[in-house]
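Visitor: Predicted model and sequence follow; I will ask about them next.
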Amino acid sequence: GNVMITAYGSSQAGVYTFINGQLQTVADYNTLVPGGGGATFTRFSGSSKNDISDGRVAFLAESSSPTTVLGLYSNAGQPTANDLFEVAVADGSEWESIGNPWMDGDTIAMLGKRLIPNSHDTILRINGSDLSVDFVNAESGYNLVSAYQASISGNATLFRSYNPQTGIGEFTILRDGVYEPLAQTGVTPMPGQNGLTFKTFDLNPVIDNGGLDAAFGGRGDGGAGRCVYKSIGGTLTLVANADTVVPGGFDNGEFNFFDDTGVTLANGHVVFRAQGPLTMQGLYTDIGGELTFIFNNGTSDAIELEGQTEYINDFKLSSRSLAYTPNGYEVVFWAQLLSGDYAIIKATINTGAPLVFPDISVSGDATFGNVAVGSSSTQTVTISNVGAGDLVISTVNGLTSPYSKPADNCSGSTLAPSTSCTVNVRYSPTTTGT
């Protein structure tokens, strides 16, 4: 349930986090830009979709030394929240343009236009703990669609691509070097749409659970309007479409619009913004199994904020607004209140069902004793899930020379309760010492 905020005041602006009840500054107009030669940040984009994971952030900001330049910065994998590093800068040397970030632990992903060796769209994946870099490109014959944000979970990357020869567009998951189409235009049947296939896609795609779960918006041929879909464990299902009765609405009216601000996904469930009859707008979810509303501005239901009665006039959702926490499902959104104030609101959804979470246990002897220079010693470390929920392992990292991983059965895996995996750690000294 950690929250990241980009906010402006009369003479100050910045990126802030709200963690364990404490509001903290990550960067503001007084913060030195990493690699900026003494320059400070001059603008933080309120329209950008910045991200937070495990209390660390990635954000877009501008500096003006010597000219105005947009950059992506992060503190992922760093010793403190104020230790920032440069991810990418659209200064025309390596990057022509950069997109919104997506984080998973210490890893940051960004879709942008890179100029090396020539101008092309690519997805940058960078690990903040060791600054190792990887580039993800579309499958042969396909081009990345830069208008869409790339999302990651574990070793999986989800993105939108297009084949100019066949005219097929698709949401693709790249996992362990294998391209897996999530949905294709003109090919994939739309569940709940009487045999129609997808014609185009809407809403930024979101991914979770190591790439096993995803959600997105799509439209069909034959005039089928925008719909919200999710794929859980490889099974594609309809969440809502224009024939779905609006929960908590008036006179059994149906949805007529699903907002471009998108859909958000966690633990197999979604939250999305949509419009019903008479321009009624709300946040809706399938948490608990049945489609229901979190709130809508057509019922005039009041909410309590810090002891004050308020009404929501307008609101926005991001692709990362939903989280599954020990307190229940938590969804965070921006709201404009009828009183004229603005607020960042966190709503907790508790279904009454017991919450299940993984619990990690690490065992094994990682001491190597005396090893001669030019020789090596290998030990096995076992990672076990002793909790009640699935444990998703993104990447086992942090080893630097003279240590290495000759075998890693854990990275990119999902451990069910009471299961385990192993990593072999090798020590190969190159100099004498202790």
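Guide: It's in.

Visitor: The stretch 101-250 of the chain: strands as residue ranges?
Guide: Remark: strands assigned in the stretch 101-250 of the chain by DSSP state E, counting those that start in this stretch are 101-104, 107-114, 120-127, 133-136, 143-144, 151-153, 156-162, 169-175, 178-184, 198-208, 213-220, 227-232, 235-240.

Visitor: Packing partners of the last one?
Guide: For strand 235-240, the elements it packs on are strand 227-232, strand 269-275, judged by 3 or more C-beta pairs under 8 Å, 6 or more residues apart in numbering; DSSP states H and E. For every residue, glycine as well, the C-beta is placed using N, CA and C.

Visitor: With the longest one instead?
Guide: Packing contacts for strand 198-208, counted by 3+ C-beta pairs under 8 Å, 6+ apart, involve strand 151-153, strand 156-162, strand 169-175, strand 178-184, strand 213-220, strand 257-266.

Visitor: Could you dump those into a markdown table with mean neighbour count and mean pLDDT added?
Guide: Compiled in a markdown table, the helices and strands packed on strand 198-208 are given as follows (neighbours: other C-beta atoms under 10 Å; pLDDT from 0 to 100):
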| stretch | mean neighbour count | mean pLDDT |
| --- | --- | --- |
| strand 151-153 | 27 | 95 |
| strand 156-162 | 24 | 95 |
| strand 169-175 | 23 | 94 |
| strand 178-184 | 17 | 95 |
| strand 213-220 | 25 | 91 |
| strand 257-266 | 22 | 82 |
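
Visitor: Make TSV out of those and add distance to residue 292.
Guide: Shown next, in TSV, are these (distance: least, C-beta to C-beta, whole Å):
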stretch	distance to residue 292
strand 151-153	25
strand 156-162	27
strand 169-175	27
strand 178-184	26
strand 213-220	17
strand 257-266	15
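
Visitor: Which one, of these, ends up nearest to residue 114?
Guide: With C-beta to C-beta, the closest approach to residue 114 among those belongs to strand 156-162: 14.6 Å.

Visitor: Pull up the pairing partners for that closest one, direction included.
Guide: The pairing partners recorded for strand 156-162 under DSSP bridges are strand 143-144 (antiparallel), strand 151-153 (antiparallel), strand 169-175 (antiparallel).

Visitor: Out of these, which is closest to residue 424?
Guide: Of all those, strand 169-175 sits nearest to residue 424, with 22.4 Å by C-beta to C-beta.

Visitor: if we look at the closest one, which residues are touching it?
Guide: Strand 169-175 has contacts (C-beta atoms under 8 Å, 6 or more residues apart in numbering) with 136, 138-139, 142, 145, 154-163, 179-185, 200-201, 205, 207, 210-211, 214, 216, 412.

Visitor: same question, stretch 220-239
Guide: 182-183, 186, 188, 190-193, 196-199, 202-203, 212-219, 240-242, 257-258, 263, 265, 268, 270, 272, 274, 286, 291.

Visitor: so which of the strands of the stretch 101-250 of the chain gets nearest residue 13?
Guide: With respect to residue 13, and counting by C-beta to C-beta, the nearest of these is strand 101-104 at 18.5 Å.

Visitor: what helices or strands is that closest one leaning on?
Guide: Using 3+ C-beta pairs under 8 Å, 6+ apart: strand 101-104 touches strand 51-53, strand 56-64, strand 68-74, strand 107-114, strand 151-153.

Visitor: State the mean pLDDT of stretch 9-29.
Guide: The average pLDDT within stretch 9-29 is 92.

Visitor: Burial check on residue 321, number of neighbours?
Guide: Residue 321 has 26 neighbours, counted by other C-beta atoms under 10 Å.

Visitor: ah, wrong one, I meant residue 308
Guide: That count, for residue 308 with other C-beta under 10 Å as the rule, works out to 11.

Visitor: partner residues bridging it?
Guide: Beta-bridge pairing for residue 308 (DSSP bridges): residue 305.

Visitor: Local confidence estimate at it?
Guide: Note on residue 308: pLDDT of 82.

Visitor: returning to that earlier point: which stretch among the helices and strands packed on strand 235-240 comes nearest residue 370?
Guide: Smallest distance to residue 370 across those (C-beta to C-beta): 51.1 Å, for strand 227-232.

Visitor: Also compute the angle for the closest one relative to strand 213-220, please.
Guide: Interaxial angle, strand 227-232 versus strand 213-220 (axes from the mean of the first three to the mean of the last three C-alpha atoms, to 10 degrees): 150 degrees.

Visitor: chain center to strand 227-232, what's the gap?
Guide: 16 Å (C-alpha atoms, centre = their mean, to the nearest Å).

Visitor: now swap in stretch 233-252 and tell me
Guide: The answer for stretch 233-252 is 24 Å, by C-alpha atoms, centre = their mean.

Visitor: residues contacting residue 266?
Guide: 208, 322, 323, 324, 329.

Visitor: most neighbours per residue, which of the helices and strands packed on strand 101-104?
Guide: Comparing the helices and strands packed on strand 101-104 by mean neighbour count (mean count of other C-beta atoms under 10 Å), strand 151-153 ranks first with a mean of 27.

Visitor: helices and strands around the lowest-mean-pLDDT helix or strand in the chain, which ones?
Guide: Here the helix or strand of the chain ranked lowest by mean pLDDT, DSSP states H and E is strand 303-305, holding a mean of 78. Packing partners of strand 303-305 (3+ C-beta pairs under 8 Å, 6+ apart): strand 308-310, strand 342-349.

Visitor: weakest of the ones you listed in terms of mean pLDDT?
Guide: Lowest mean pLDDT of these: strand 308-310, a mean of 84.

Visitor: List the contacts of the closest residue in space to residue 388 that isn't next to it in sequence.
Guide: Take residue 388 and drop its neighbours on the chain: the residue closest to it by C-beta to C-beta, 6 or more residues apart in numbering is residue 356, 4.2 Å away. In this structure, residue 356 makes contact with 387, 388, 389, judged by C-beta under 8 Å, 6+ apart.

Visitor: did I read that right, residue 356 in a strand?
Guide: No. With DSSP: H, G, I helix; E, B strand; the rest coil as the criterion, residue 356 is located in coil rather than a strand.

Visitor: thinking again about what came up before, which outside residues touch the least confident helix or strand of the chain?
Guide: 295, 309, 310, 311, 312, 337, 343, 345.

Visitor: among the residues you listed, which ones are buried?
Guide: 295, 310, 312, 337, 343, 345 (16 or more other C-beta atoms under 10 Å).

Visitor: Paired strands for the one helix or strand the first one maps to, with orientation please.
Guide: Translated: residue 295. Following DSSP states H and E, one finds residue 295 within strand 292-296. Counting by DSSP bridges, the strands paired with strand 292-296 are strand 281-285 (antiparallel).
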